[in-house]
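S.K.: sharing a model prediction with you, sequence too.
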Amino acid sequence: MVSTRPGRLLVRLQTRRGAFALDVAFETPGGVTALFGPSGAGKSLTLRHLAGLERGAQGRIELAGRTLFAGDRDIDLPPRERGVGMVFQEYALFPHMSVAANVGYGLQALARTERRGRVVDLLERVGLAGYGARRPESLSGGERQRVALARALAPEPGLLLLDEPFGALDFRVRRGLRRELRALHEATGVPMVLVTHSLAEVRELSDHLVLLDRGRVVGTGATEALLAEPPNEVAAELLGAEDL
Amino acid sequence: MEVHPLALSFQVALVATALSLVVGLPLAWLLARRALPGRDLITVLVLLPMVLPPTVLGYYLLLLIGRGGPVGQAAETLGLGRIVFTPTAAVIAAFVASVPFLVRAAQSGFERVDPAFEEAARTLGRGELSIWFTITIPLAWRGILAGVALTFARAIGEFGATVMVAGSIPGRTRTGSVAIYDAVQAGRMSEANLLAVLLTLTAAGTLYLLTRVGRAPGW
């Protein structure tokens, strides 16, 4: 469906939210990147900046050589022009629309029959063939997450953001869904950035790791290398705790 | 044949409600979602007609749209003619008296829409206007509909301000509630009786229809 794309992501952001200061800089070559850290570290805020849902920062965001945001050059693309998809914490499925209408929402540029075909393909891909007419309220947590994934992937984004995609789920379904997400990444090639407090998710899902603490990056690199050799004490402490 | 007072009431209330939607919906959304400068002042101004005696409201309107008032004079200079004592004046009176009901109900409807839905729509490539019509309005639908029902009910019953600016010209500005007052004043009790019953039925019927519609769209 989607060919493998170069997904190099460059992020430099400084912003304030009241007393909280976010000052992060990292680069990832694509693949799956985990933003890992305790609550209040600035993970979700960073993700919202990547999506273009927050304003008033300084710095720069580049995706595959394209500038999405450059504070010094007054570039700040609105979300609809970024080509960045997002899976929200509670999925934010539109409650007044069917599953098919949710998945097709980002495809309004396509002709109706083409859109319908794409929606069927996407639902099949996330294992929900035949769910098109269902309402979000009738779905289990895991099914909702898959609909949210299909919806976010529909417009073929250049980057997929996931804000604690397993947070709202029972631990028993998490493991299966982690594998499925990884498989979805392999199949689509879409680079992903995922916010998590779970080391199990970091290990099983991510190629690259960005450790955040109190608004700052305390370690970044290939997941395996960083887990094997934390660069400093703060990072070691974060990675020593199993789940934050 | 001159327009029946009830038909006139219905027409006036319908136009006033439509105007309230056009003006009141965006305003309600702005009050619910945006950091507006002077937001409290705007809220007071918008809701004031709810608490003012309708005659006071009518008096202010008369100062504004009367032949000597700024709006009245502008209309005559532009060749639109006199506003007071026309059906237009009745619509203006009904609109000003009833629009606060729409703004209040729609605002609370908008406030209950989780902004995450609109954000999700933004990340899916939609523009703001498209999001407004496909996400925001449908999710705030109950609040908006409650507002429409209240607005229409208030507009169809408008009396005080209407008498002040539109008077009671048979077939032109004599609406149902004004006609009832005139009939009682003239001692024509059976006419007043009939009008009162019909007006009650019209209002009740409209409210019933609106609550029926309220269960349908998308939910």
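M.R.: Yes, it's here.
S.K.: for chain B, what's the nearest residue on chain A?
M.R.: Of all residues in chain A, A:G106 sits closest to chain B, at 3.4 Å by CB to the nearest CB. Every residue, glycine included, has its C-beta placed from N, CA and C.
S.K.: show me the contacts for the residue lying closest to that residue once chain neighbours are set aside.
M.R.: By the measure of CB to CB, 6 or more residues apart in numbering or on different chains, the closest residue to A:G106 outside its immediate chain neighbours is B:L124, 3.4 Å from it. Going by CB atoms under 8 Å, 6 or more residues apart in numbering or on different chains, B:L124 touches A:80, A:85, A:105-106, A:151-152, A:154-155.
S.K.: try 10 Å
M.R.: Taking CB atoms under 10 Å, 6 or more residues apart in numbering or on different chains as the contact definition, B:L124 lies against A:79-80, A:85-86, A:94, A:102-108, A:151-152, A:154-155, A:157, B:131.
S.K.: so for B:R142, what's the pLDDT?
M.R.: The model reports B:R142 with a pLDDT of 87.
S.K.: low-confidence ranges in chain B?
M.R.: Within chain B, the stretches with pLDDT under 70 are B:1, B:214-219.
S.K.: with chain A instead?
M.R.: Counting by pLDDT under 70, the ranges of chain A that qualify are A:1-6, A:242-244.
S.K.: got the residues of chain B near chain A?
M.R.: Applying CB under 10 Å from any CB of the partner chain, we find that chain B lies next to chain A at B:114-128, B:130-131, B:134-135, B:138-139, B:141, B:217-219.
S.K.: restricted to buried residues, select those in PyMOL.
M.R.: With 16 or more other CB atoms under 10 Å in any protein chain shown as the criterion, this PyMOL line picks the buried residues out of those:
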select buried, chain B and resi 117+118+119+120+121+122+123+124+125+126+131+134+135+138+139+141
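S.K.: take the residues of chain B next to chain A and keep only those in helices.
M.R.: For those, membership in helices holds for B:115-123, B:128, B:130-131, B:138-139, B:141, with DSSP state H as the criterion.
S.K.: farthest pair in those?
M.R.: Taking CB to CB as the measure, these span a maximum distance of 23.2 Å, between B:T123 and B:W141.
S.K.: so how far is the helix or strand containing B:G109 off the chain centroid?
M.R.: Element membership of B:G109, judged by DSSP states H and E, is helix B:87-111. Going by CA atoms, centre = their mean, to the nearest Å, the spacing between the C-alpha centre of helix B:87-111 and its chain's C-alpha centre is 4 Å.
S.K.: quick check on the residue nearest to A:G106: phi, psi?
M.R.: The phi and psi torsions at B:L124 (degrees, to the nearest 10) take the values phi -90, psi 10.
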